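Peer 1: Predicted coordinates and the sequence they were generated for:
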Amino acid sequence: SQKIEQNSEALNIQEGKTATLTCNYTNYSPAYLQWYRQDPGRGPVFLLLIRENEKEKRKERLKVTFDTTLKQSLFHITASQPADSATYLCALPNQAGTALIFGKGTTLSVSS
Amino acid sequence: GAVVSQHPSRVICKSGTSVKIECRSLDFQATTMFWYRQFPKQSLMLMATSNEGSKATYEQGVEKDKFLINHASLTLSTLTVTSAHPEDSSFYICSAREGGPGDTIYFGEGSWLTVV
């Protein structure tokens, strides 16, 4: 079955730096990949979707890359701010393509 | 963006009773709704997928007689936890999609269930 790994449970960086989060997957080739933000006790909020034929996608200070050869996505937040502190989840469609499955998430802490 | 509303946001129930959680898509018609469960510091685990008017498809290991899912209309799905036990205490999150696979999925704010 497919596996999603977000290698770091936690990432601590200083304000103004770029945060880079990693998502690796195995055992299949998804048509797309999504990133979500989750704050404590809240539901996930959709951030970006990148399709298999797209190498990179940007939205304001966010950038996502999708390397289907390495089976990896990188999620970057540039000029990070304390308000960016949250858990970031990588999500892929299941093999049937009917639902999303999630990684465990990386909790980002941005200190001022 | 699209809004998905869950109710109640927090509920405490006694062991052995049943509790219902509602999930509504407020500004779009959700052809498909999903129910997830999340334990502290863990990922979201998919419980079931439901399409309006048909029976839900449950993930392996999820008891369909315990977690009853009804998707009676294009804007409402309900999850009923029957004969709840303390181990059912968790954060339950619903999500909804307007179109087909690959379309954006919007999540509700989640419902905290505590069984005492």
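Peer 2: Alright, I've got the coordinates.
Peer 1: Pick out the residue closest to the middle of chain B.
Peer 2: Using Cα atoms, centre = their mean, the residue of chain B that lies closest to the mean C-alpha position is B:Trp35, 3.5 Å off.
Peer 1: Which helix or strand contains that residue?
Peer 2: Applying DSSP states H and E as the criterion places B:Trp35 in strand B:32-38.
Peer 1: May I have stretch A:47-59 exported as PDB, CA atoms only?
Peer 2: Extracted C-alpha coordinates of stretch A:47-59, given in PDB (Å, rounded to 0.1, in the frame of the first residue of the first chain):
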ATOM      1  CA  LEU A  47      -2.900  25.600   0.600                       C
ATOM      2  CA  LEU A  48      -1.700  24.300  -2.700                       C
ATOM      3  CA  LEU A  49      -2.200  21.500  -5.200                       C
ATOM      4  CA  ILE A  50       0.500  20.400  -7.700                       C
ATOM      5  CA  ARG A  51      -0.100  18.000 -10.500                       C
ATOM      6  CA  GLU A  52       2.300  15.300 -11.800                       C
ATOM      7  CA  ASN A  53       3.100  17.300 -14.900                       C
ATOM      8  CA  GLU A  54       4.000  20.400 -12.900                       C
ATOM      9  CA  LYS A  55       7.500  20.800 -11.500                       C
ATOM     10  CA  GLU A  56       6.800  23.800  -9.400                       C
ATOM     11  CA  LYS A  57       3.900  25.900  -8.100                       C
ATOM     12  CA  ARG A  58       3.900  29.200  -6.200                       C
ATOM     13  CA  LYS A  59       1.400  31.100  -4.200                       C
END
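Peer 1: what does it rub up against?
Peer 2: If you take Cβ atoms under 8 Å, 6 or more residues apart in numbering or on different chains as the criterion, stretch A:47-59 is touched by A:29-37, A:62-68, A:73, A:75, A:88, B:102, B:104. C-beta coordinates here come from the backbone N, C-alpha and C atoms, glycine included.
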